[in-house]
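Colleague: let me see the structure of the following:
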Amino acid sequence: MIRAAPVLALLLALAQPALAETREEAAAAALAALQQSDARLLAVGWRLATGNAAYCSDARPAVGLLLQDMAGYAEPEAMRKAAGIAGPIAVQAVAPGSPADAAGLRANDEITAIDGTAVAALPAEEEDWRRLARLHDTIDSSLAADGLVGLTLPDRGEVTLEGVPACASRFEIIGGDGAAAEGRRVVIGRKFVGLSYPEDEFAAAIAHEFAHNLLRHRVWLDRHGRKWKNVRATEREADRMMPWLLANAGYEPAAALRFMRRWGPDHGGGLFRKRTHEGWDERAETIEAEIALVEAVRAPDGSADWSRHFVREVAD
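Modeller: Have a look, this model is predicted:
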C-alpha cells in the first residue's frame, strides 16, 4: 500500500489535464445550449414586442439585446473561458433584425462598459442574478432617456445603439420546465417542452405569457385577490389575446389554436385540471372563437388593432 501511493498520485496527476478538458468542454456545451434557447426565445419575443408596439400603452425604445453575467453561474471561471472573454459580462443573444443585430453584436462579444460605466464596477456574488438585472435596467434607462445606449467592446470601442419602439417586456430562459409572466419579464424554463415546437406554436406559448404582462394581470390580481375565479379569468383573457399578438408579429393567428391542440392532450393533467384553468379543449374553443374576431378586423397589411377591438374581461 505504501508503494502504491506514488503510483496513484502519478495517475491522478496525469488525469488532471483530461479532467480539466472535460470540464471545459462541458461548460462550453452548457453555454452553447443555453444560448441557443435564449436566442430562440429572444427572436420570438422581439417579433411580438416590436410587432405590437403600436398598440401598447407603455411602448419604449429597445435594441434586442440580452446580456449574460458569468457571476450567475456556479462555475464563473469555467463559463468565462467557455465564452472566451476576460471580464464578467458578454452578449448572450441578439434578436434578428434588431438594432443590436444591425450593429454586428454576436453571442459572446464581451461588454466592458455601458454608457462609459465599467460593468465590473458593480460587485456580484457567485450565482447572483442581481448585477445582470441592474445592467439590463441601465440599458433600459438610457434608451428611455434619449433612445440611445453606448456599449464598449474591447476590440471595437464604444458602439452606439438606437432603440426602436417595443412593448416593455424582457424574455429570458431560466431553470425548470414551466413558463410564466412576471410583470416585466416573460421567463421560460430551459426544459419547457414548447421550445421543441414549430416556431409559430412556440410563439403562441410566449404570446400567452406576454399577454399577462401587457394586460397587467399581476397588478389586477394583487388588487382583486387571487381567488380561483379571478385567476381563471386572467388565463382566459391571455388565451384570447394570443391570436392578436401573433397576427401583429407576422405569425398566423391560427398558430394559437395549433399550440393548444398540441400542448393540451399531452399536458392535460395538473395545471389544466385545476380550477384556475379551464380544460384544454375549452381553451381551444375560446381561442378558435377569438381567431374569427381577429380575422374580421385585420387591416390589409395583416395587423390587428387589439387596443381598439379586444374586449377586456378583467379591466377595472
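
Colleague: any regions of the protein where pLDDT drops low?
Modeller: 1-21, 267-277 (pLDDT under 70).

Colleague: quick one: the helices in it?
Modeller: 4-51, 76-83, 99-102, 130-146, 199-214, 217-224, 228-248, 255-266, 280-297, 306-309 (DSSP state H).

Colleague: tell me which of the ones you listed sits most buried.
Modeller: helix 199-214 (a mean of 24; mean count of other Cβ atoms under 10 Å). Glycine gets a C-beta too; all of them are placed from N, C-alpha and C.

Colleague: give me the helices and strands touching that helix, please.
Modeller: helix 4-51, strand 179-181, strand 185-189, helix 228-248, helix 255-266 (3 or more Cβ pairs under 8 Å, 6 or more residues apart in numbering; DSSP states H and E).

Colleague: ok, back up a step: of all the helices of the chain, which one is nearest residue 171?
Modeller: Residue 171 sits nearest to helix 4-51 of all the helices of the chain, at 3.2 Å, using Cβ to Cβ.

Colleague: before we move on, back to that, dump the helices and strands packed on helix 199-214 into CSV; add distance to residue 92 as well.
Modeller: Shown next, in CSV, are these (distance: least, Cβ to Cβ, whole Å):
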stretch, distance to residue 92
helix 4-51, 5
strand 179-181, 19
strand 185-189, 14
helix 228-248, 24
helix 255-266, 26
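
Colleague: between the ones you listed, which one is closest to residue 83.
Modeller: Using Cβ to Cβ, the nearest of the helices and strands packed on helix 199-214 to residue 83 is helix 4-51, at 6.3 Å.

Colleague: distance to residue 165 for the helices of the chain - can I get that in JSON lines?
Modeller: What follows is those, written out as JSON lines (distance: least, Cβ to Cβ, whole Å):
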{"stretch": "helix 4-51", "distance to residue 165": "7"}
{"stretch": "helix 76-83", "distance to residue 165": "31"}
{"stretch": "helix 99-102", "distance to residue 165": "11"}
{"stretch": "helix 130-146", "distance to residue 165": "11"}
{"stretch": "helix 199-214", "distance to residue 165": "14"}
{"stretch": "helix 217-224", "distance to residue 165": "22"}
{"stretch": "helix 228-248", "distance to residue 165": "12"}
{"stretch": "helix 255-266", "distance to residue 165": "24"}
{"stretch": "helix 280-297", "distance to residue 165": "22"}
{"stretch": "helix 306-309", "distance to residue 165": "14"}
